[in-house]
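A.B. asks: this is the structure alone, sequence omitted:
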């Protein structure tokens, strides 16, 4: 009977190798592909340098008189093992571009194996390349999101004439994959708040779920692999969306922000004028008004007519990108045309104060993401 044929990987069959490693599975990782066992002729010294697990394994004495190269069969998927050895031997060919689905498909299985085989130096080098796509600070998130939106919209325009071109989901990191990776790897836990937030702004039924200021926003062209989510993930997502809507509803109430805004300078200015002109005499009720007759601008009325309905409309949607909507509302406050001399409109000083308050509200919202999705304590979140 013929001996079984041994297949060595053509890139990992070094003539000076002194250890043979094998793994089984589909070479491309697809279930529809045939399963095969592939052998790798490698170097003990290199494996021991990267992995304390391999170093311990290879330090064990062999049987007396052994002359053949030892063979170690790994129980890991073949395609994962190939990727790991590419990182070790051909690091320059590893995809590391920001916001790349290819990078995630490549590095997630590699980092899973670096944890298993105690390859700390590799993990330290590669993990930040994944973390950068799901930042912990609002400033970095805005930068990442702006680049993402550019890619999504450009891809959508190209696909209008050629649907065979890759979609945004083919090019960009998949959020549920990121969540699963963050849950399985304590060192990647900081991924979770941003990944759950991104997932919360995507429709998991139909495009019409997204009704906001920009109905053709990039979220319309995005999706996620919801089949990978556990029941616990769904509960976390739905409760997070409900918490976000409640936060927006509270924000729409004027008295919630009145105490946070400085007093209208128009009131202060006119009070001083009144005092200078002696208008602090008794009023019709016989009670003196030492501060004169206050006449602030109409910021309360303006909020009620211009901003509150907008915030409530956004809060009423099941799917919403709050950070983008707050930027849109802030732009309305900053650039909106108004009669600043009218008692029913917003004076310039209150316009600036309200714009700053909305900016701070975005920062507070970002800091609350771990709370919204019930993810526990994040001491370094936002830093």
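C.D. replies: Looks like it came in fine. This one's a predicted model, so the numbers in the text were calculated from it and none came from an experiment. Numbers count the residues shown, from 1 in each chain.
A.B. asks: need the residue closest to the centroid of the chain.
C.D. replies: residue 194 (3.2 Å; C-alpha atoms, centre = their mean).
A.B. asks: so how far is residue 315 from that residue?
C.D. replies: Distance, residue 194 to residue 315, using C-beta to C-beta, to the nearest Å: 21 Å. In this view, the C-beta of every residue, glycine as well, is placed from N, C-alpha and C.
A.B. asks: the residue nearest to the residue nearest to the centre of the chain when sequence neighbours are not counted: what secondary structure?
C.D. replies: What sits nearest to residue 194 in space, not counting adjacent residues and going by C-beta to C-beta, 6 or more residues apart in numbering, is residue 134, at 4.3 Å. Put simply, residue 134 is coil when judged by DSSP: H, G, I helix; E, B strand; the rest coil.
A.B. asks: residues in contact with residue 134?
C.D. replies: 144, 173, 178, 182, 190-191, 194-195, 198 (C-beta atoms under 8 Å, 6 or more residues apart in numbering).
A.B. asks: what does residue 25 give?
C.D. replies: Shown in contact with residue 25 (C-beta under 8 Å, 6+ apart): 35-36, 77-79.
A.B. asks: beta partners for it?
C.D. replies: Beta-bridge pairing of residue 25 under DSSP bridges involves residue 36.
A.B. asks: pLDDT score for it?
C.D. replies: If you check residue 25, the pLDDT there is 95.
A.B. asks: the one 4 residues further on too?
C.D. replies: Among the per-residue scores, residue 29 holds a pLDDT of 87.
A.B. asks: looking at this, it is in a strand?
C.D. replies: No. Using three-state DSSP, the secondary structure at residue 29 is coil, not a strand.
A.B. asks: not counting sequence-adjacent ones, nearest residue to it?
C.D. replies: residue 79 (3.7 Å).
A.B. asks: surely the one you found touches residue 109?
C.D. replies: Yes. Residue 79 lies in contact with residue 109 (C-beta atoms under 8 Å); the separation is 7.4 Å.
A.B. asks: hang on, the earlier thing: most neighbours, which of the contacts of residue 25?
C.D. replies: Ranked by the number of neighbours (other C-beta atoms under 10 Å), those place residue 78 first, at 22 neighbours.
A.B. asks: distance of the nearest residue to that residue once chain neighbours are set aside from residue 111?
C.D. replies: In this structure, residue 78 finds its nearest non-sequential neighbour in residue 25, 3.6 Å apart by C-beta to C-beta, 6+ apart. When distance is defined by C-beta to C-beta, residue 25 is 18 Å away from residue 111.
A.B. asks: now residue 54. Nearest residue, chain neighbours left out?
C.D. replies: Spatial nearest neighbour of residue 54, excluding adjacent residues (C-beta to C-beta, 6+ apart): residue 47 at 4.2 Å.
A.B. asks: brilliant, that's me finished.
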